[in-house]
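Chemist: sequence and predicted structure below; questions after.
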Amino acid sequence: MPIRARLLETLSHYDRRFWTLLVVQLIVAVGFGAAMPFVSNYLHSVVGVSMTYVGTIMLISGVVSAGGRIMGGEIADRLGRRALLIGGMSARVLAFALMAYVIHVQASPAVIGGGFIIVRLIGAVVQPGISAMVADVVEPSRRVEAYALLRIGNNAGWAVGPAIGGFLVATSYASLFLLTAFASLVGLLLIVFLTDESVRAAEVGQFTLRRVLDVARDLRFLVFCGWSVLLFLVMGQFSSTLAVFSTAVVGIAEAQLGLLFTINGVAVVLLQWPAARLSNRIGARWGLALGCALYALGYFSVSLASGFPFLIGSMIVITLGEVVFSPTSTAAVANMAPARRIGRYMGLFGLSEALGWSLGPFVGGILFDAWSATPIALWGTIAAIGIVAAMGFGATTRVGRGPGEATGEAQ
């Protein structure tokens, strides 16, 4: 089939709301990608705090955002996906504007850290609504590809954002967050005018913590989340330990760091679709294990980096792990969840993501302060965690050739 015909066929399979969310992800990611890779560098290099302090801020924000994921999942199931997205995106605009202000006035590290925690909390609340709306409007057999397309949009933004941030940072760090606030405003307007509600059946009954934690009785899902925490811990090195190691130890410039993250975004755009098709062919179990193994290899190779060209190679391997693991894991969660509790499952999976991403900078910060002069020990420890996750997914994940390929539910 000609490429143009295949593209038109793909476009016809998805609801307008899905494409709106993809465009929103793209625009918001431009702003987010311009600012987030430079937060750790700003705190460590400009404000002058230790990497352990940076990791502690990341850990606290992760604990808070973990609660935000649960909150977002419940709101998405009870009040609807659209209401959550509109409220959350409005709050994002204000939060990023606040972050720009506190950096502009050179507030204390505690105040800047507090602003970062607020940003993380709001982002955590919004994400389950996006994932749940995609699950609502996409049939189960196409969810891996749908989440892959969503990530292509997100990472197309990341391809542009860090490059912009690398140049804007020469003007001021505050300008990075002003750009992010503007991008969030554009995303909000698209959601207001181009989406309607997607939830088919609202969760009923009084809200209680016990009802939320009932999901933990799904042992298969609980084990899945446990292995995910380990892999997200490895992922969490991306914009913290990796960023600081690249500039402080390998010695690349901040503009090169921005370009490195841009390469990640471009590689995701180019590789995500074929990686999703590969994951569908080999099955979720081996797709998840392969993604973990590639992450481990990529981060271990950072220990051997002698300059910017070598770091590019490491980033490409890390990106290969990302494009295999991320859409496969999200689709698997959607297919494990009962229709009326997709938001709740996404929220609790998001909790594991938030915990892992927050423990990552904390653990990485401690390892960096202890072993920055011994890169093999630093990155070898991080890679070992990825290998454990790969073995865990390979041994315990029970799904068919693709998550819910035949029935729409994980096996």
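Modeler: Nice, thanks for sending it over. Residues are numbered from 1 along each chain as shown.

Chemist: which secondary structure elements does the helix or strand that Leu190 is a member of contact?
Modeler: Element membership for Leu190, per DSSP states H and E: helix 173-194. Contact partners of helix 173-194 among helices and strands, from 3 or more CB pairs under 8 Å, 6 or more residues apart in numbering; DSSP states H and E: helix 16-35, helix 81-104, helix 143-168. Bear in mind the C-beta positions are built from the backbone N, C-alpha and C, glycine included.

Chemist: how close does Pro361 sit to Leu168?
Modeler: 23 Å (CB to CB, to the nearest Å).

Chemist: do Leu270 as well
Modeler: For Leu270, the distance to Leu168 - CB to CB - is 25 Å.

Chemist: same check, this time on Thr195
Modeler: From Thr195 to Leu168 the distance is 30 Å (CB to CB).

Chemist: just send the helices and strands packed on helix 173-194 back as TSV, with mean pLDDT and distance to Gln127 too.
Modeler: Below are the helices and strands packed on helix 173-194 laid out as TSV (pLDDT from 0 to 100; distance: least, CB to CB, whole Å):
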stretch	mean pLDDT	distance to Gln127
helix 16-35	90	10
helix 81-104	93	9
helix 143-168	83	11
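
Chemist: kindly reformat those as TSV containing mean neighbour count and distance to Leu222.
Modeler: Shown next, in TSV, are the helices and strands packed on helix 173-194 (neighbours: other CB atoms under 10 Å; distance: least, CB to CB, whole Å):
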stretch	mean neighbour count	distance to Leu222
helix 16-35	23	28
helix 81-104	21	25
helix 143-168	24	21
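
Chemist: make TSV out of these and add distance to Trp286.
Modeler: Formatted as TSV, the helices and strands packed on helix 173-194 follow (distance: least, CB to CB, whole Å):
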stretch	distance to Trp286
helix 16-35	27
helix 81-104	32
helix 143-168	13
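
Chemist: out of these, which gets nearest to Met235?
Modeler: helix 143-168 (13.2 Å; CB to CB).

Chemist: now Val63: closest residue in space, sequence neighbours ignored.
Modeler: Once flanking residues are discounted, Val63 sits nearest to Ser358: 6.5 Å by CB to CB, 6 or more residues apart in numbering.

Chemist: returning to that earlier point: what mean pLDDT does the helix holding Leu190 get?
Modeler: For helix 173-194, mean pLDDT is 93.

Chemist: now do stretch 277-295
Modeler: Per-residue pLDDT values over stretch 277-295 give a mean of 88.

Chemist: follow-up on the earlier one: buried sites along the helix holding Leu190?
Modeler: For helix 173-194, the neighbour count (16 or more other CB atoms under 10 Å) marks 173-188, 190-191 as buried.

Chemist: now do stretch 359-369
Modeler: 359-365, 367-368.

Chemist: same thing with stretch 372-390?
Modeler: Across stretch 372-390, burial judged by 16+ other CB under 10 Å covers 372, 375, 378-383, 385-390.

Chemist: which of those residues sits closest to Gly72?
Modeler: Nearest to Gly72 among the buried residues of stretch 372-390: Ala389, at 24.7 Å, using CB to CB.

Chemist: on contacts alone, who are the packing partners of the host helix or strand of that closest one?
Modeler: Assessed by DSSP H and E, Ala389 sits inside helix 375-396. When contacts are defined as 3+ CB pairs under 8 Å, 6+ apart, helix 375-396 sits against helix 219-235, helix 241-245, helix 284-302, helix 342-371.

Chemist: so which of the ones you listed gets nearest Ser61?
Modeler: Using CB to CB, the nearest of those to Ser61 is helix 342-371, at 6.3 Å.

Chemist: next, the angle from that closest one to helix 219-235.
Modeler: 40 degrees (axes from the mean of the first three to the mean of the last three CA atoms, to 10 degrees).
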